[in-house]
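Trainee: I'll drop the sequence and a predicted model, then ask my questions.
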Amino acid sequence: MTTDLEHELKQLIIDTLELEDVTPEDVDPDEPLFVEGLGLDSIDALELGLALQKRYGIQLEADSDETRRHFANLRTLAALVEARRTQ
Amino acid sequence: MTSPSLHLQDWRAWLPDGDAERDARIVTDARPAGRSLPAMLRRRVNLAGRAVADLLAELDPGADSILLHASRHGDGERTLELLYALAESAPLSPARFGLSVHNAVLGVYSIASGNRRSLQAIAAGGDELAALFSEARGYLAEGAPRVIAVFSDVPVPPRFAAHAPASRGAAALAMRLTLDSGRAIHESPWQGGGEPPQPVDVIAWLRTGGELGSPLRGRAWRLAP
């Protein structure tokens, strides 16, 4: 079951990171986003951080354990946006 | 002492606007497949970058050749986007920044192929072919068995076009060069004028031979039959 916010974040990830062959259905909310699962890399992490700042006003530390936890999968990312969004 | 002679062992090209009538060495797809790159890397490079990676995969199947990549303008689109973002004090895209650098295409290819030899990116203000031959000679003289020299360019963005020489079309080519195997490349002085050779001109020379001059360097090259 995917929430509206999770769906919005899937689309944000696909558009921002130019995942040309990926559809929202391909992104499993419980699978890892980085390295395994979707297979994103460190440049994607920076790019995604910038997108979260632009879209939701969320500021993240670039290299903290906390950020790693927020970026674990789509559900943790959605929880972060719910908790910290300012716009 | 004479400088080491260059030989052309093989070549490949991407020529989307050309009439490359059934030359198996030339890809004419407007959108190169980029099959040599996994999708997660392919999304990062522009059309010329996809083409270059595919040309390299054919000429460097063992992923163990020294690679040179010359481009007069590089990825002008991304670079200008970054400058416009800076002018508006907007945050810069890390991915665009990382891939706007001149060695981005060889970097992406080397990640995909596992090639860990020297990679060199060159911009020479219109003298790219001469620079490629000079650098290749240096590596070969030091003992490299072969060097792959790539030259690619796409038209600069329309907003910048008035400040750059007119593009004769997007194109890319890759040449496998050695000291003693293949067709000799004879170099001679060149008094003729003309425009600096662009990738499309080098591809025409590779196909039909003749003399190709570089007015900036005052040198010309002729391919032995």
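Mentor: Ah, there it is.
Trainee: which residue packs closest to A:Val22, ignoring adjacent ones?
Mentor: A:Ile14 (5.5 Å; CB to CB, 6 or more residues apart in numbering or on different chains). Just so you know, the C-beta spots here come from the backbone N, C-alpha and C atoms, and that holds for glycine as well.
Trainee: what is the burial count for that neighbour?
Mentor: 18 (other CB atoms under 10 Å in any protein chain shown).
Trainee: what helix or strand is the one residue in chain A that gets nearest to chain B on?
Mentor: Residue nearest to chain B within chain A (CB to the nearest CB): A:Leu46, separated by 3.8 Å. According to DSSP states H and E, A:Leu46 maps onto helix A:42-56.
Trainee: specify the next element, helix or strand, located C-terminal of that helix.
Mentor: helix A:65-70.
Trainee: which strands and helices sit next to that following helix?
Mentor: helix A:74-84 (3 or more CB pairs under 8 Å, 6 or more residues apart in numbering or on different chains; DSSP states H and E).
Trainee: between the helix it packs on and helix A:42-56, how many degrees?
Mentor: 40 degrees (axes from the mean of the first three to the mean of the last three CA atoms, to 10 degrees).
Trainee: low pLDDT regions in the chain?
Mentor: Defaulting to chain A. Chain A contains residues with pLDDT under 70 at A:1, A:62.
Trainee: that's the wrong chain, I wanted chain B
Mentor: Using pLDDT under 70, chain B drops low at B:1-4, B:18, B:20-21.
Trainee: of all of it, which residue lies closest to chain A?
Mentor: Counting by CB to the nearest CB, chain B gets nearest chain A through B:Pro94, at 3.8 Å.
Trainee: strands of chain B, start to end?
Mentor: B:6-14, B:26-27, B:66-70, B:119-122, B:147-153, B:171-178, B:183-189, B:211-214, B:219-223 (DSSP state E).
Trainee: which ones are touching the most centrally placed residue in chain B?
Mentor: By CA atoms, centre = their mean, chain B has its centre lying nearest to B:Phe151, at 1.6 Å. Counting by CB atoms under 8 Å, 6 or more residues apart in numbering or on different chains, B:Phe151 touches B:His69, B:Ala70, B:Ser71, B:Glu128, B:Leu129, B:Leu132, B:Ala172, B:Leu173, B:Pro199, B:Val202.
Trainee: and of those residues, the nearest to B:Val108?
Mentor: B:His69 (11.0 Å; CB to CB).
Trainee: specify the beta-bridge partners of the residue nearest to the closest one when sequence neighbours are not counted.
Mentor: Among residues not flanking B:His69 along the chain, B:Val150 sits closest, at 4.5 Å (CB to CB, 6+ apart). Note on B:Val150: beta-bridge partners by DSSP bridges are B:His69, B:Ala174.
Trainee: and B:Val150, how many residues sit next to it?
Mentor: Using other CB under 10 Å as the criterion, the residues surrounding B:Val150 number 29.
Trainee: same check on B:Thr178?
Mentor: Neighbour tally, B:Thr178, other CB under 10 Å: 18.
Trainee: cool, the one 4 residues further on as well?
Mentor: The criterion is other CB under 10 Å. On that basis, B:Gly182 has 19 neighbouring residues.
Trainee: residues from chain A in reach of chain B?
Mentor: Proximity of chain A to chain B, by CB under 8 Å from any CB of the partner chain, involves residues A:17-21, A:39-41, A:43-44, A:46-47, A:50, A:53-54.
Trainee: could you flag which of the residues you listed are buried?
Mentor: A:Leu17, A:Leu19, A:Gly39, A:Leu40, A:Asp41, A:Ile43, A:Asp44, A:Leu46, A:Glu47, A:Leu50 (16 or more other CB atoms under 10 Å in any protein chain shown).
Trainee: touching, the third one and B:Met40? I think so.
Mentor: Yes - counting by CB atoms under 8 Å, B:Met40 is a contact partner of A:Gly39 at 5.5 Å.
Trainee: farthest residue from the center of chain B?
Mentor: B:Ser89 (33.4 Å).
Trainee: can you give me phi and psi for that residue?
Mentor: With angles defined as degrees, to the nearest 10, B:Ser89 sits at phi 60, psi 30.
Trainee: spit out the contact partners of the most centrally placed residue in chain A.
Mentor: Nearest residue to the geometric centre of chain A (CA atoms, centre = their mean): A:Leu77, 5.3 Å. Contacts for A:Leu77 (CB under 8 Å, 6+ apart) come out as A:Leu9, A:Leu33, A:His70, A:Phe71.
Trainee: switch the cut-off to 7 Å
Mentor: Under the criterion of CB atoms under 7 Å, 6 or more residues apart in numbering or on different chains, the contact list for A:Leu77 reads A:Leu9, A:His70, A:Phe71.
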